[in-house]
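Chemist: how does the following fold in three dimensions:
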Amino acid sequence: MNEKEIITSWNEAVELYKSNPDDHASIRQARDQLKTVISSYPKQGVSKLCYNVAILSRLLGDNATDLEYLNLCLSKDQHNAIAYYQRGLVQYAMKRYADSAKDFQQCVDSMRQATLIDYAQLGLRCKLYQHEVIYNEAACHLKLGNRKNCMYALLEVKKLIDKDTTKVLHTLDIQTPIESVRNGGNTLEVIVAGEGKLYTPPVSKLNNLAKKNYLGKAKVVSSLQTGDTFSGFVGPKLKALDRVKKAPPDRPSSPRPTTPTPQLSESPSTNSADNKSLLEELKNQKVTSQPGRPVTPEYPPPKPLIRPKLAPPTSSGGVDAKTPLAAAKPPLNPKPSVCNVELIAGDRMEKMSLSSNTNFLKLMDTVGTVMEYDRGTFSLWYLNRQGTYTAIDSQDIVAHVWRNKVKNNQMTIYVFGV
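Modeler: Numbering: from 1, shown residues only. The predicted structure is shown next:
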């Protein structure tokens, strides 16, 4: 069987059971069809089909076949928590309480601390709750006469139910079983989940079962014209033919008028007089314009290079003092040589004047004298364009402040204590 036949048979078996869930003949036919598919299905999907056969066998009352196919299911997928849960229910029904308790413990371990597993994404409409599995384990311990382990399991179930994350996920009344066990009760009813629920094939594979024609159906178009015998591709070929038909006609080539050139004699030595007369005639011939073409004017001669006159040198090799020199252009943005500085230290403000060539050490000494601070007990700062304080701690920053922060002969320096 190929994959398409396998998916089709799997889906037909599930639909057959859903159409008659209470008819044993339909259930048995669906189980036999799934058994046939198991022998042809790939290894990764055998566990789901074995699970379906086990559930159908339980509906028929065949616990032996149910246990056999659950064992086969777990041999293919050792982390299938719902399969451990169903095998624990079969073991409990067969009164194998110790094996049933082990299966329920293995189911909790396979859930990996998850309080809920929803198998809907895998094609099984079933939800497995951790507190229900532990509750069934408590029922097994009670059947084995181990009331202490039973009470431990019931208290763990109560702890899980009291959590906010699981309060709305259950309908189990745990307080009544706890009181019953404390008062000497010997019976706890196991919780059965996923009864009659089967794995369905993946939806993506079911949607691809129908044959799809991505190219569409071809159409044969016959022409009524007898002269239409064209056959071939009608895309770029016809477009190229249309471009050729719509292209403008070529321009007619008109012969250029030629001026007859006089023929010189092959031997100038024998007929030198005729050659000289022809040369003189060509030199004296005026240039005439041809009809339809303008006369090209002659280019004017280039202007001579005029060098500037320099001042006469003196006896000492320099320029004469009487010769006027070009005045130097003033700078575009002249900076003041002296500016008024406001020193701000908290609520205190002092004023002083500084020259633009003041260096860093002189600036520190001058500020210390005006503010009456000792050197090393204060630092100088200014406000940058971003509105944050920047320390003045080197000669480069001092030059930067004089160059960019002096406006209208005024600037502000902030004094902070160290």
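Chemist: got the domain ranges for the chain?
Modeler: Here the domain assignment for the chain is 3-182, 338-417, based on automatic domain parsing.
Chemist: A helix includes residue 352, no?
Modeler: No. Membership of residue 352 in a helix is not supported by DSSP: H, G, I helix; E, B strand; the rest coil, which gives strand.
Chemist: the domains of the chain: which one's closest to residue 208?
Modeler: domain 3-182 (8.5 Å; CB to CB). Backbone N, C-alpha and C define where each C-beta goes, glycine included.
Chemist: got a list of contacts for stretch 33-52?
Modeler: The contact list for stretch 33-52 (CB atoms under 8 Å, 6 or more residues apart in numbering) reads 1, 3, 5-6, 9-10, 12-14, 16, 53, 56, 69-70, 72-74, 76-77, 80, 82-83, 86, 122-124, 198-199.
Chemist: look at that stretch and report the distance between its end residues.
Modeler: 11 Å (CA to CA, to the nearest Å).
Chemist: list the buried residues in it.
Modeler: By neighbour count with 16 or more other CB atoms under 10 Å, stretch 33-52 contains the buried residues 33-35, 37-38, 41, 45-52.
Chemist: ok, of those residues, which one's closest to residue 163?
Modeler: Using CB to CB, residue 51 comes nearest to residue 163 of the buried residues of stretch 33-52, at 29.7 Å.
Chemist: next one: the closest one from residue 2, what distance?
Modeler: 23 Å (CB to CB, to the nearest Å).
Chemist: so which residues of this protein form helices?
Modeler: 3-19, 24-38, 46-59, 63-76, 81-93, 97-111, 130-143, 147-162, 175-182, 203-207, 236-246, 272-284, 360-371, 395-404 (DSSP state H).
Chemist: which among those helices is found nearest to residue 416?
Modeler: Closest of the helices of the chain to residue 416 is helix 360-371, at 11.4 Å (criterion: CB to CB).
Chemist: show me where the stretch 301-418 of the chain has its strands.
Modeler: For the stretch 301-418 of the chain, the strands defined by DSSP state E, counting those that start in this stretch occupy 338-345, 348-355, 378-383, 389-391, 410-417.
Chemist: can you tell which of the ones you listed is closest to residue 162?
Modeler: Taking CB to CB, strand 389-391 is the member of the strands of the stretch 301-418 of the chain nearest to residue 162, at 57.8 Å.
Chemist: the closest one - what's its average pLDDT?
Modeler: On average, the pLDDT along strand 389-391 is 82.
Chemist: can you list the strands that it pairs with?
Modeler: Applying DSSP bridges to the sheet, strand 389-391 is found paired with strand 378-383 (antiparallel).
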